[in-house]
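K.L.:
Got a predicted model here, sequence first, then my questions.
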Amino acid sequence: MDKHPLHNYFRFVQNKEYLGLHRRFNAVDEFIANTLLDYSSNDLDEPNIIWNEKEQVYSFLFKDGSESKISFETYLVGKLKSWDNYFENYLREKLFQLYNEDLKKSKFLKIIRIELDNLSRSFELDIQNATNKEDNKVLETIRLHISGLKNHLLKYISVNEETKSNVVLVGNNEKIKWLGNINALTTLLLDLNDGKNNLRKQFLDLTKQELEHFILNNFVDKDGREFSKSTISTYLQPDKRIEDTSKKQPITLRD
């Protein structure tokens, strides 16, 4: 994804593409008519598109006699949803790339938030200056979608901040704070490693020594202190899991 996550929205504002969009839809604009094919066509049965003046909708007539209709509102929302999906997919992909780089991740999210705020202000000005009722309605619909994008972004920001609060630096390595009892962590990993879970499936294939290293290299306790090797070794004993854990049933996993 090389394009900016908001490039469709920016283009729509900067080029004033929203102007007369409703009128072009009603005038059976060739570009819009071709675009509408994506809503209802397939390779086996491409429909005939007819403008229904009375209902102000496009009717799609298929060879089997079936019919579907698309109004301007449906067309506009479909266009905006495709832009929203691009935005969300871009965020997920970028954040995945920055998985272990918290500072870059925070900077990226901050930049996107600023750009969304700037975009919102641009739309507010356009709404205030809109003289055509139909153009104003289009802008109001777009504003709702941008508000949805901002809420979506805020969730990512919230998760990122929460994750950062549970990750601490130990030397040059980031480690995850484990807020529960140590036997809960070791029991969880043992259940995943030997298949003693509700699915009866093995999700890890590690030796006891490898499990020890995994915990010691990746986790600290709730106060940010490293676990001792002897403690981890003790709690990774199969009989210790049965003896100490208060968990009567295996962890519940979804297949």
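P.N.:
Great, that's in hand. Numbering: from 1, shown residues only.
K.L.:
which regions of the protein lie under the pLDDT threshold?
P.N.:
Confidence mapping of the chain against pLDDT under 70 gives the ranges 1-2, 28-45, 162-174, 197-199, 239-255.
K.L.:
Now the residue positioned nearest the centre of it: closest residue in space, sequence neighbours ignored.
P.N.:
Nearest to the mean C-alpha position of the chain, counting by C-alpha atoms, centre = their mean, stands E88 at 5.0 Å. If the residues on either side of it in the chain are set aside, E88 comes closest to H152, at 6.3 Å by C-beta to C-beta, 6 or more residues apart in numbering. Placement of C-beta: from N, CA and C, glycine included.
K.L.:
picking that back up, assess the claim that the residue nearest to the centre of the chain and K155 are in contact.
P.N.:
No: here E88 does not reach K155: they are 10.6 Å apart, not a contact under C-beta atoms under 8 Å.
K.L.:
Tell me if I am right that P5 is in a helix.
P.N.:
No: with DSSP: H, G, I helix; E, B strand; the rest coil as the criterion, P5 is located in coil rather than a helix.
K.L.:
doesn't E93 make contact with it?
P.N.:
No: P5 sits out of contact with E93 when judged by C-beta under 8 Å, with a separation of 9.7 Å.
K.L.:
Could you check which of the two has the larger neighbour count?
P.N.:
P5 (22 against 12; other C-beta atoms under 10 Å).
K.L.:
related to what we said a few turns ago, am I right that the residue nearest to the centre of the chain sits in a helix?
P.N.:
Yes: the assignment for E88 is a helix, going by three-state DSSP.
K.L.:
quick one: buried residues of the longest helix seen in the chain?
P.N.:
When the chain is scanned for its longest helix (criterion: DSSP state H), the result is helix 133-165. Going by neighbour count (16 or more other C-beta atoms under 10 Å), the buried part of helix 133-165 is 134-139, 142-143, 145-146, 149, 153, 156, 160.
K.L.:
Reformat the residues you listed as a markdown table; add distance to S233.
P.N.:
As requested, those are arranged in a markdown table below (distance: C-beta to C-beta, whole Å):
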| residue | distance to S233 |
| --- | --- |
| E134 | 72 |
| D135 | 70 |
| N136 | 69 |
| K137 | 67 |
| V138 | 65 |
| L139 | 64 |
| I142 | 59 |
| R143 | 59 |
| H145 | 54 |
| I146 | 54 |
| L149 | 49 |
| L153 | 44 |
| Y156 | 38 |
| N160 | 34 |
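K.L.:
per the record, what domains does the protein have?
P.N.:
Domain assignment for the chain by automatic domain parsing gives 7-165, 173-244.
K.L.:
next one: the shortest one to chain centre, how far?
P.N.:
Here the centre of mass of C-alpha atoms in domain 173-244, compared against the chain's by C-alpha atoms, centre = their mean, to the nearest Å, lies 30 Å away.
K.L.:
go on, the longest one?
P.N.:
Taking the mean C-alpha point of domain 7-165 and that of its whole chain, the gap between them comes to 16 Å (C-alpha atoms, centre = their mean).
K.L.:
Nearest spatial neighbour of K150, chain-adjacent residues omitted?
P.N.:
L116 (5.3 Å).
K.L.:
I figured the one you found was touching N151, is that so?
P.N.:
No: counting by C-beta under 8 Å, N151 is not a contact partner of L116; they are 10.3 Å apart.
K.L.:
What are the phi and psi values at S122?
P.N.:
Main-chain torsions, S122, degrees, to the nearest 10: phi -60, psi -40.
K.L.:
Repeat that for D221.
P.N.:
Note on D221: its backbone torsions stand at phi -80, psi -180 [degrees, to the nearest 10].
K.L.:
Nice, that's everything, thank you.
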